[in-house]
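# Model the structure of this input:
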Amino acid sequence: SGHRVSAREGFLRAATYFRISGVFMYAPPMDPRFVAANARQRDAFRRAIELMDHPFEQVAIPYEWTELDGYVATPPGPGPFPTVILVGGYDGTMEETYVAGGVAALRRGYAVLMMDGPGQGAALVERDLHFRHDWEVVVTAQVDWLVARPEVDASRIAALGRSWGGHLAPRAATAEHRLAAVIADAPQYAPGANASLLLPAEYRGDLDTGDVDEQLNEVVRAGMAQSPGLNFSVGRGMLTHGCATPVDYMRELRSFTLNGLADRIDCPVLLTIGQNDPRIVDAQSLFDALTAPKTMIEFTNAEGAGEHDEAGAAALFSQRAFDWLDTVLGR
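You can find the predicted model right below:
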């Protein structure tokens with residue numbers, strides 16, 4: 001009916017609703033309704049980007065033997081622009097990263113690259129790619145692609161990781177040294193170190209033996225039947241990591257660590273934590289291990305920002321995170 005802004009915002013809301021509708025179907029084997037939810041959130045988002053006020057392009061980025069789908073968006077003007085790679089979370093999609101960092105970046109004159117990495121969104125659902133601990137391989141593919149783009153300032157490419165991306169983004173920076181800065185929201189130093197906590201205490205010592213895997217799997221599955229939270233966490237992990245059993249998933253998770261690697265990061269790093277966030281239990285360990293210029297900001301309950309990824313105070317997170325990035329990039 002000619003209501004361009006209302007239509008755009010309506011499609012963005014629809015994308016969110018469709019994405020959320022599939023979240024609790026994260027479990028193997030992949031539910032057809034999960035596949036449909038991902039497709040519908042993508043399609044709603046693509047209808048929204050047709051109505052954007054700034055350039056927005058669907059792209060395919062070479063990655064190992066295949067390609068990964070993505071979007072690149074730029075603010076008004078000729079460029080080249082400082083650019084932010086948005087690294088999403090455990091059950092996120094590239095479409096979600098637009099509202100979880102893309103909008104704020106574009107408003108401040110940054111170009112943004114949004115992409116589903118292995119284990120996320122379309123890369124998981126349509127290409128059967130799973131999470132990998134060496135996330136630098138993913139980000140290097142993104143940087144290779146970006147530096148060839150005329151609208152990108154190759155000397156000012158940053159990575160912003162939120163939620164699970166708070167581990168993946170700094171991990172990438174341990175080996176991809178063309179990044180000019182990294183922001184890790186919900187930073188996680190060694191998230192796999194506590195994998196055995198998914199087991200009852202009396203079984204945790206058996207995870208490394210390999211002798212009682214069948215029994216351990218039965219114990220975890222019994223716990224999953226009793227606990228919706230455990231059922232979701234383990235099912236989501238098995239699906240996104242491509243693991244056949246709960247024990248396989250717990251062992252795979254242990255490879256996700258920055259222990260012995262954090263001092264390889266050589267660009268400025270911002271760690272942001274919410275006061276109530278249970279995922280940042282080892283954020284201080286990451287901060288202490290960093291030898292590059294580093295800053296940590298705590299968001300508090302009194303500010304309405306104490307939850308995971310500062311839910312409830314998105315504008316406050318954007319203000320502090322991007323003001324820091326402006327400063328370190330000399331803008």
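
# okay, the residue nearest the centre of the chain: pLDDT?
The centroid of the chain falls nearest to Gly88 when counting by CA atoms, centre = their mean (2.2 Å). For Gly88, the model assigns a pLDDT of 97.

# cool, Gly205 as well?
Reported pLDDT for Gly205: 86.

# can you count the residues close to it?
By other CB atoms under 10 Å, 10 other residues sit near Gly205. No exception for glycine: its C-beta is placed from N, CA and C like everyone else's.

# is it true that it lies in a helix?
Yes. Under DSSP: H, G, I helix; E, B strand; the rest coil, Gly205 sits within a helix.

# do you know how far it is from Ser255?
20 Å (CB to CB, to the nearest Å).

# Please apply the same query to Gln188.
From Gln188 to Ser255 the distance is 13 Å (CB to CB).

# Looking at these two, which one has more neighbours?
Legend: neighbour count by other CB under 10 Å for Gln188 and Ser255, higher for Gln188 (27 against 13).

# ok, the more buried one touching Ser285?
No. Using CB atoms under 8 Å, Gln188 is not in contact with Ser285; the gap is 9.6 Å.

# part of a strand, is Val160?
Check again: residue 160 is Leu, not Val. Yes. Using three-state DSSP, the assignment for Leu160 is a strand.

# which parts of the longest helix seen in the chain are buried?
Counting residues, the longest helix found in the chain (DSSP state H) is helix 4-23. Going by neighbour count (16 or more other CB atoms under 10 Å), the buried part of helix 4-23 is Arg8, Phe11, Leu12, Ala14, Ala15, Thr16, Phe18, Arg19, Ser21, Gly22.

# Can you name the residues that contact the second one?
So that's Phe11. Shown in contact with Phe11 (CB atoms under 8 Å, 6 or more residues apart in numbering): Ala44, Phe45, Arg47, Ala48, Leu51.

# Just the ones of the residues you listed in helices?
Of the contacts of Phe11, the ones assigned to helices by DSSP H are Ala44, Phe45, Arg47, Ala48.

# So which of the residues you listed wins on neighbours?
Within the ones in helices among the contacts of Phe11, neighbour counts (other CB under 10 Å) peak at Phe45, which reaches 24 neighbours.

# The residue lying closest to the residue nearest to the centre of the chain once chain neighbours are set aside sits in which helix or strand?
Nearest-residue entry for Gly88: Thr97, 4.9 Å, with adjacent residues in sequence omitted and distances by CB to CB, 6 or more residues apart in numbering. Using DSSP states H and E, Thr97 sits within helix 94-97.

# If you average the pLDDT over that helix, what comes out?
98.

# Check which helices and strands that helix sits against.
Contacts defined by 3 or more CB pairs under 8 Å, 6 or more residues apart in numbering; DSSP states H and E place helix 94-97 against helix 4-23, helix 32-49, strand 66-73, strand 81-87, strand 111-115, helix 121-125.

# Looking at these, spot the one closest to Val234.
Among these, helix 4-23 comes nearest to Val234, with 14.8 Å by CB to CB.

# re the thing from before, dump the helix holding Thr97 to PDB, keeping only the CA atoms.
Taking Å, rounded to 0.1, in the frame of the first residue of the first chain, the C-alpha atoms of helix 94-97 are listed here in PDB:
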ATOM      1  CA  MET A  94      23.000 -14.100   9.900                       C
ATOM      2  CA  GLU A  95      19.600 -12.400   9.600                       C
ATOM      3  CA  GLU A  96      19.500 -12.000  13.400                       C
ATOM      4  CA  THR A  97      22.900 -10.300  13.400                       C
END
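
# coming back round to it: can I get the ones in helices among the contacts of Phe11 in JSON lines including distance to Leu68 and pLDDT?
Formatted as JSON lines, the ones in helices among the contacts of Phe11 follow (distance: CB to CB, whole Å; pLDDT from 0 to 100):
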{"residue": "Ala44", "distance to Leu68": "21", "pLDDT": "98"}
{"residue": "Phe45", "distance to Leu68": "16", "pLDDT": "98"}
{"residue": "Arg47", "distance to Leu68": "22", "pLDDT": "98"}
{"residue": "Ala48", "distance to Leu68": "21", "pLDDT": "98"}
